[in-house]
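In: give me the fold of what follows.
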Amino acid sequence: MQQSQYDQTRVRSAWGRTYTDVLKNLDVAIDVAEKANPVPKNAIAQIKILKAFAFAQTSMLWGDIPFKEAATGEVDFPRFDKQQDVFNGCIALIDEALGMMDATSGRIVAPNDLYYGGDMTKWRKFGNSLKMRILFSMIDADPSKGAAIGQLISQGNMISSNADVMQFRYFNQPGRQNPRFSFTAIFRGGVQSDWYCSNVVLGLLRSLNDPRIPYFFQVGPGAQPGQFEALGPVETFKQTSSLVNMNLLRADLPEVSFSYSEQLLFEAEAYARGFVGGGFALANERYRAGVRESLLSFGVPAAEAQAYANGLPELTAANFRTQLAQQQWLDLFMRPIEAWTQHRRSGNMGQEIPMMTVPQGAPVSGLVRRLLYRSEEINSNPNTPTGINVDTPMWFDK
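Out: Residues are numbered from 1 along each chain as shown. Here you go, the predicted model:
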């Protein structure tokens, strides 16, 4: 196999790991599977869904990325595909995967399938749900995707319970612990001092009288019980500033890639926007169920979660975008890529939900809307786009 330019400039970053580790290894796995006799079609389907997931996440961070020529080991200077083409390519990958699933064919099973243990029914559900998420990311730039979203929801066969959640499990055992826990244990002596409460999150939670505040955060070392305060500017840091709750940094906390609450809230949006029949009656049903499941996932007791969901305002044509966007964003509290994507797609530029402002003294005039390509990539691959700032909107970000 020819040495690729990505190997020659390997950097231990999200960009580097995605292309030199994740995508390259997935392509190698597909190549090995395709040469087997018989060909394990289900195994290839599992790998293709993971490829679509990795490419979509990467594009959400950088925008235009190498896709068609990426991670094959055959192209030294891969071209950067437009984000729209990447997303459409990811959807095509998922469709290929779903189309080749075969009950009689070989698959990756436990312990090698760390997500679903070889359960192809769950892989199919995740594939459909992932396809829906990508379509929702595209919808404001390409309204024609609404029909595809409606068709997916009408057909069902997506994540439909917590048993279907796509997640990577961690354990309270050395070497198998959640990386956030390990970081705190190794570098901070087990004392949480890196992740703090923000004004935007706390302000929104308070405005909604949301019961997740003590489940998201813990009081600062100098605060009184129940005294939750957001972290202010560096010059006004106080010992009473609240931190992210250690329960969300525990050793066995799984890394969730697609949750049941996320699915329900997407469905609520689809019904409210008219992508599928059912109107606001079904939109409200999914909305309340999604918020309830979100609260439960963060540890809110069942009775309290149900009471809060029951007391939410009814979704209407006038308020559904705000109400849903608020809950979708809060639901993704521990999932930064998805939360950032949700915020960017929640409204027109400058009208995102919740509202955020550029800090005083920031080097750019707008909110951060993308990551910049690594200098190693710019210097080694002449096809890397240049002249882009962190506040330059992506194709999907209207």
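
In: CA only for contacts and neighbour counts going forward, please
Out: Noted.

In: packing partners of the helix or strand Ala92 falls within?
Out: Per DSSP states H and E: Ala92 is located in helix 83-100. Other helices and strands packing on helix 83-100, by 3 or more CA pairs under 8 Å, 6 or more residues apart in numbering; DSSP states H and E, are helix 41-62, helix 120-138.

In: ok, which of these comes nearest Gln83?
Out: Closest approach to Gln83 among the helices and strands packed on helix 83-100 (CA to CA): helix 41-62, 6.5 Å.

In: show me the shaky parts of this protein.
Out: Residues of the chain meeting the criterion pLDDT under 70: 1-12, 233-236.

In: find the centremost residue of it, please.
Out: Centroid-nearest residue in the chain, with CA atoms, centre = their mean: Glu338, separated by 3.0 Å.

In: who touches that one in this structure?
Out: Listed by CA atoms under 8 Å, 6 or more residues apart in numbering, the contact partners of Glu338 are Leu332.

In: that one belongs to a helix?
Out: Yes: counting by DSSP: H, G, I helix; E, B strand; the rest coil, Glu338 is located in a helix.

In: quick one: it and Ala317, what's the gap?
Out: Distance, Glu338 to Ala317, by CA to CA, to the nearest Å: 25 Å.

In: what's the angle from the helix holding Ala92 to helix 41-62?
Out: Angle of helix 83-100 versus helix 41-62, following axes from the mean of the first three to the mean of the last three CA atoms, to 10 degrees, is 160 degrees.

In: still on that earlier bit, now mean neighbour count too, for the helices and strands packed on helix 83-100, in CSV please.
Out: Compiled in CSV, those are given as follows (neighbours: other CA atoms under 10 Å):
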stretch, mean neighbour count
helix 41-62, 23
helix 120-138, 23
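
In: let me have those in JSON lines, extended by distance to Glu269.
Out: Converted to JSON lines, the helices and strands packed on helix 83-100 look like this (distance: least, CA to CA, whole Å):
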{"stretch": "helix 41-62", "distance to Glu269": "20"}
{"stretch": "helix 120-138", "distance to Glu269": "9"}
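
In: looking at those, which is nearest to Pro393?
Out: helix 41-62 (10.3 Å).

In: and the closest one with helix 120-138, angle?
Out: Per the same axes, to 10 degrees, the angle that helix 41-62 makes with helix 120-138 is 30 degrees.

In: contacts for whichever helix or strand comes after helix 41-62?
Out: Downstream of helix 41-62, the first helix or strand assigned by DSSP H and E is strand 65-66. Outside strand 65-66, the residues that touch it by CA under 8 Å, 6+ apart are Thr58, Ser59, Pro78, Arg79, Phe80, Asp81, Lys82, Gln83, Val86.

In: which of the residues you listed are buried?
Out: By neighbour count, with 16 or more other CA atoms under 10 Å, the contacts of strand 65-66 hold Thr58, Ser59, Pro78, Arg79, Phe80, Asp81, Lys82, Gln83, Val86 as buried.

In: I'd like those as JSON lines, with distance to Val191 appended.
Out: Below are these laid out as JSON lines (distance: CA to CA, whole Å):
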{"residue": "Thr58", "distance to Val191": "32"}
{"residue": "Ser59", "distance to Val191": "34"}
{"residue": "Pro78", "distance to Val191": "44"}
{"residue": "Arg79", "distance to Val191": "45"}
{"residue": "Phe80", "distance to Val191": "42"}
{"residue": "Asp81", "distance to Val191": "43"}
{"residue": "Lys82", "distance to Val191": "43"}
{"residue": "Gln83", "distance to Val191": "40"}
{"residue": "Val86", "distance to Val191": "41"}
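
In: out of the contacts of strand 65-66, who's nearest Arg212?
Out: Using CA to CA, those come closest to Arg212 at Thr58, 29.6 Å.

In: separation between Arg344 and Tyr19?
Out: Using CA to CA, Arg344 is found at 25 Å from Tyr19.

In: now swap in Phe53 and tell me
Out: Phe53 sits 13 Å away from Tyr19, going by CA to CA.

In: one more: Val32?
Out: Computed as CA to CA, the Val32 to Tyr19 distance reads 18 Å.

In: neighbour count winner among these two?
Out: The residue with more neighbours, out of Val32 and Tyr19, is Tyr19; 23 against 12, by other CA atoms under 10 Å.

In: tell me which of the helices and strands packed on helix 83-100 sits nearest to Asn310.
Out: Per CA to CA, nearest to Asn310 of those: helix 120-138, 25.9 Å.

In: now the closest one, how far from the centre of its chain.
Out: Remark: helix 120-138 is offset 12 Å from the chain centroid, using CA atoms, centre = their mean, to the nearest Å.
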